[in-house]
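In: Okay, sequence plus prediction incoming.
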Amino acid sequence: MRVETELSDMFSYSFLPIIIFIILLLIAIIIFKIYKPHIKSEKTNLKPNTLSHSDTLSIKNKYLSQLDNLVNEVKNDSINTRKAYQKLSKLVRNYIFETTGIKVQNYTLSEIEVLNMPSLYELVKEYYNPEFSTHSSGNILESISRTRVVIEKWK
């Protein structure tokens, strides 16, 4: 019994799907390159809020009071370190939002770095490890103290 197999020529298949895929890939790359700078500039070209001096003071007092409450929670052991850092990060981000109008609540550390707010960047960077690690370690009271200084000096 003789079995014969016919092999196709090496290039007998259609190049059309490959060409379509390459064209779609190039279009996607071009679109990404066009829109990426616009996305970044929307976050970096934000104009800060203009608040009156009394508004600024009332916002500062509100957040300094929240810091005092957090210190009490930490000292009473009613909150663990990780939760305290999460609360502290949320608190400082909300403060910046209320004073500047920039929605830093949703920003990553690298996005905050681009904003040219070094004090905020350093605080959030300090919070990252204790906030996101499974076993949080950090001196929460020192972090709260540094956060208080930033809020008090913020213009």
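Out: Done, it's in.
In: Now do the nearest residue to Lys103 once chain neighbours are set aside, the pLDDT please.
Out: Spatial nearest neighbour of Lys103, excluding adjacent residues (Cβ to Cβ, 6 or more residues apart in numbering): Phe97 at 5.8 Å. The way it works is simple: take the backbone N, C-alpha and C, and place the C-beta from them, glycine included. On the pLDDT scale, Phe97 is placed at 91.
In: how many neighbours does Phe97 have?
Out: Using other Cβ atoms under 10 Å, Phe97 has 15 other residues around it.
In: Please tell me how far it sits from Leu70.
Out: 18 Å (Cβ to Cβ, to the nearest Å).
In: just so I have it, where are all the helices in this structure?
Out: 16-44, 53-75, 81-100, 109-114, 118-132, 140-153 (DSSP state H).
In: looking at those helices, which is closest to Glu6?
Out: Closest to Glu6 of the helices of the chain, according to Cβ to Cβ: helix 16-44, at 23.2 Å.
In: Just checking the distance from that closest one to the centre of its chain.
Out: Relative to its chain's centre, helix 16-44 lies at 24 Å (Cα atoms, centre = their mean, to the nearest Å).
In: buried set for it?
Out: Residues of helix 16-44 classed as buried by neighbour count (16 or more other Cβ atoms under 10 Å): none.
In: and that helix, what's its mean pLDDT?
Out: 78.
In: Same check on stretch 62-74?
Out: Here the average pLDDT along stretch 62-74 is 93.
In: Would you mark the buried spots in it?
Out: Here stretch 62-74 shows 63, 66-67, 70-71, 73-74 as buried, counting by 16+ other Cβ under 10 Å.
In: what's the closest of the residues you listed to Ser133?
Out: Comparing the buried residues of stretch 62-74 against Ser133 with Cβ to Cβ picks out Val74 as the nearest, at 17.7 Å.
In: Please report how far the closest one lies from Leu109.
Out: For Val74, the distance to Leu109 equals 23 Å [Cβ to Cβ].
In: Equivalent analysis for Ser145, please.
Out: 21 Å.
In: Next: Ile18.
Out: To Leu109, Ile18 is 41 Å away according to Cβ to Cβ.
In: Among the buried residues of stretch 62-74, which one sits closest to Tyr121?
Out: Ranked by distance to Tyr121 (Cβ to Cβ), those are led by Tyr63 at 18.1 Å.
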